[in-house]
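In: sequence plus the predicted model coming up.
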Amino acid sequence: GAVVSQHPSWVICKSGTSVKIECRSLDFQATTMFWYRQFPKQSLMLMATSNEGSKATYEQGVEKDKFLINHASLTLSTLTVTSAHPEDSSFYICSASPPGEDYEQYFGPGTRLTVT
Amino acid sequence: QKEVEQDPGPLSVPEGAIVSLNCTYSNSAFQYFMWYRQYSRKGPELLMYTYSSGNKEDGRFTAQVDKSSKYISLFIRDSQPSDSATYLCAMSVPGNQFYFGTGTSLTVIP
């Protein structure tokens, strides 16, 4: 099956700093990638849809200036959490669908962010 | 009303038991129905997907979709300790975003 990677797998940062998370589709090109956030024992919450070559589409309630998304190529999308605060601590997961397979999303392994 | 409802559990069963996991939904336009398995601190992995109504079997796993009742199920036969994980249902209208259930935490006791 298709493989999606994320880097880093975990990161600890101080309040006020910015953190960049990378999501890569390793063996397919993805015009669309998705960014989710997951709190302990809760489901995946879609944050934004990342489109290659254009602006991301953010879900209601997600601050686009705080969560910067850049989909610079067909295999790479990045999520930057700017001016991080402890309440941003969460598990961030990306996913992508291979062309023509919109019934399936392949998920990355996730990035655990802890803001101190 | 949430788009997708799923009992979070936790569910604890002895090894070898048959496990039944369920989700209900409200949007009759959903066509794709998926089940994902998520181990602790890992990303979800797709177990099975079904298009529209019907059953689908893959080894010890069977997925059922009843669109008339807006109800989907995942059955696990001969459950194993390695099946212990959180199971997420998901559904979508083709080409649109996925809607996930909250996940059901399953523990299979040896």
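Out: Right, received. Where do you want to start?
In: partner strands of the host helix or strand of residue A:78, parallel or antiparallel?
Out: Assigned by DSSP states H and E, residue A:78 belongs to strand A:76-81. Paired with strand A:76-81 in the same sheet, following DSSP bridges, are strand A:19-25 (antiparallel), strand A:67-73 (antiparallel).
In: show the subsequent helix or strand relative to it.
Out: strand A:90-96.
In: and that following strand, anywhere near chain B?
Out: Yes - using CB under 8 Å from any CB of the partner chain, strand A:90-96 comes into contact with chain B via A:91, A:93, A:95. Where you see a C-beta, it was placed from the backbone N, CA and C, and this is true even at glycine.
In: partners of that strand in the sheet?
Out: Sheet pairing for strand A:90-96, using DSSP bridges, gives strand A:32-38 (antiparallel), strand A:106-107 (antiparallel), strand A:111-115 (antiparallel).
In: okay, and the beta partners of the residue minimising distance to the centre of chain A?
Out: Nearest residue to the geometric centre of chain A (CA atoms, centre = their mean): residue A:35, 3.5 Å. Taking DSSP bridges, one obtains residue A:48, residue A:94 as the residues bridged to residue A:35.
In: anything in stretch B:51-62 near chain A?
Out: Yes - using CB under 8 Å from any CB, stretch B:51-62 reaches chain A at residue B:51.
In: for residue B:57, the count of nearby residues, please.
Out: 12 (other CB atoms under 10 Å in any protein chain shown).
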